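# sequence first, predicted model second:
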Amino acid sequence: MSASIPRIATIVLAKREARDFETALGSIPLLEDVAILSEGKAFEGVISESLTQADIVNALESCGVKADICIQPQKDRKKKLLICDMDSTLIGQECIDELADFAGVKDRVSAITERAMRGEIGFEGALTERVSLLKDLDITVLQKCFEERITLNKGARVLCQTMKADGAKTVIVSGGFTFFTQRVATACGFDSHQANTLIEANGKLTGGVGMPILGREAKLEALKEHSTEFGGRAAAIAIGDGANDLAMITAAGLGIAFYAKPLVAAEAHCAINHTDLRTALYFQGYRESEFIS
């Protein structure tokens, strides 16, 4: 019988507090090779074959410590492809909801967005319905929306820049719109971006979206396409929050649910619920001293 593959547990605390850090270190039965990735914040170690994520969560919760946790094989943790959703992942907003606010229909659009992200309705139909409500919105509003409403989530640029410096390819694949992915890609330093296109005419949105729509299956295909040069999907880390991200998250070598809907969090390899996007670096074994901003 072949030996089992060693597993690494990475623990990233919600707060950088020395007391909580020492408590967490002492409460989890790590067998060997304990490494401090960030003093007072993140550590990892090889764990026993029987230990589960639930065991670690329970141990931490019993001590009153909140943390994000990832258990994975020790081998090949540092990925060669970073593929990310944009809305509510790299940025703190849903762009279409913010555009809808300018059009006076945010409540209607946000309700549809929420149902689509939870997987209750199909993404493609939900997108066309929402975009139709933006008809006749002046295209100058897009830049105004970006400048006044859109903010990068903490760690977005550090995640991208650190992986790029280590030789990884970085890609945004969004069910949102190219107007925004282009600007977010530039702000973070992503190599490329893919998204949907808002159709415009005579300086206004027509209420239409370019075809084919980039949704769940298109994101999976993008993962397959971009990871080919690195030997396949196992070399990729995929991060997202909604149902249309689920296929690429579960297919990637490491799929992370970021403050995600319950359906996504339940099926992803691990989740970020308490910290920020820099945790995706810790999960790969990066130390804070290696981070690049």
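Perfect, I can see it now.

# how many residues are close by E39?
Applying other CB atoms under 10 Å, we find 12 other residues in the vicinity of E39. Yep, even glycine has a C-beta here, placed from its N, CA and C like the rest.

# that one: what's it in contact with?
Under the criterion of CB atoms under 8 Å, 6 or more residues apart in numbering, the contact partners of E39 comprise 21, 288.

# likewise for the one 4 residues further on?
Under the criterion of CB under 8 Å, 6+ apart, the contact list for F43 reads 10-11, 21, 24-25, 34-37.

# if we go to 6 Å?
Counting by CB atoms under 6 Å, 6 or more residues apart in numbering, F43 touches 11, 36-37.

# using CSV, lay out those residues together with distance to C63 and neighbour count.
Listed next are the contacts of F43 as CSV, based on distance: CB to CB, whole Å; neighbours: other CB atoms under 10 Å:
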residue, distance to C63, neighbour count
I11, 12, 25
I36, 18, 15
L37, 20, 20
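
# let me have those residues in CSV, extended by secondary structure.
Shown next, in CSV, are the contacts of F43 (DSSP: H, G, I helix; E, B strand; the rest coil):
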residue, secondary structure
I11, strand
I36, strand
L37, strand
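
# make TSV out of these and add pLDDT and distance to L90.
Formatted as TSV, those follow (pLDDT from 0 to 100; distance: CB to CB, whole Å):
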residue	pLDDT	distance to L90
I11	96	24
I36	96	28
L37	97	22
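
# which of the residues you listed lies closest to A236?
Among the contacts of F43, L37 lies closest to A236 (CB to CB), at 21.4 Å.

# show me where the stretch 1-150 of the chain has strands.
Along the stretch 1-150 of the chain, counting by DSSP state E, counting those that start in this stretch, strands occupy 7-13, 30-38, 42-47, 67-73, 81-84.

# show me how far stretch 183-200 is from its chain's centre.
Relative to its parent chain, stretch 183-200 has a centroid offset of 16 Å by CA atoms, centre = their mean, to the nearest Å.

# what does stretch 93-107 give?
The answer for stretch 93-107 is 22 Å, by CA atoms, centre = their mean.

# what about dumping the CA coordinates of that stretch to PDB?
Taking Å, rounded to 0.1, in the frame of the first residue of the first chain, the C-alpha atoms of stretch 93-107 are listed here in PDB:
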ATOM      1  CA  GLN A  93     -19.600  45.900  -5.300                       C
ATOM      2  CA  GLU A  94     -21.800  44.400  -8.000                       C
ATOM      3  CA  CYS A  95     -21.200  46.800 -10.900                       C
ATOM      4  CA  ILE A  96     -24.600  46.200 -12.500                       C
ATOM      5  CA  ASP A  97     -26.300  47.100  -9.200                       C
ATOM      6  CA  GLU A  98     -24.400  50.300  -9.000                       C
ATOM      7  CA  LEU A  99     -25.300  51.200 -12.600                       C
ATOM      8  CA  ALA A 100     -28.900  50.400 -11.800                       C
ATOM      9  CA  ASP A 101     -28.800  53.000  -9.000                       C
ATOM     10  CA  PHE A 102     -27.900  55.700 -11.500                       C
ATOM     11  CA  ALA A 103     -30.900  54.400 -13.600                       C
ATOM     12  CA  GLY A 104     -33.200  54.500 -10.600                       C
ATOM     13  CA  VAL A 105     -33.900  50.700 -10.600                       C
ATOM     14  CA  LYS A 106     -31.400  49.400  -8.100                       C
ATOM     15  CA  ASP A 107     -33.900  47.600  -5.900                       C
END
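
# which positions in it come out as buried?
If you call a residue buried by 16 or more other CB atoms under 10 Å, then stretch 93-107 has these buried ones: 93-100, 102-103, 105-106.

# same check, this time on stretch 37-55
37-38, 41-45, 47, 51, 55.

# which SS state does G208 fall under?
G208 ends up strand, using three-state DSSP.

# can you get me a residue count around the closest residue to it other than its chain neighbours?
Nearest non-adjacent residue to G208, counting by CB to CB, 6 or more residues apart in numbering: I199, 4.1 Å away. A count of neighbours around I199, defined by other CB under 10 Å, yields 13.
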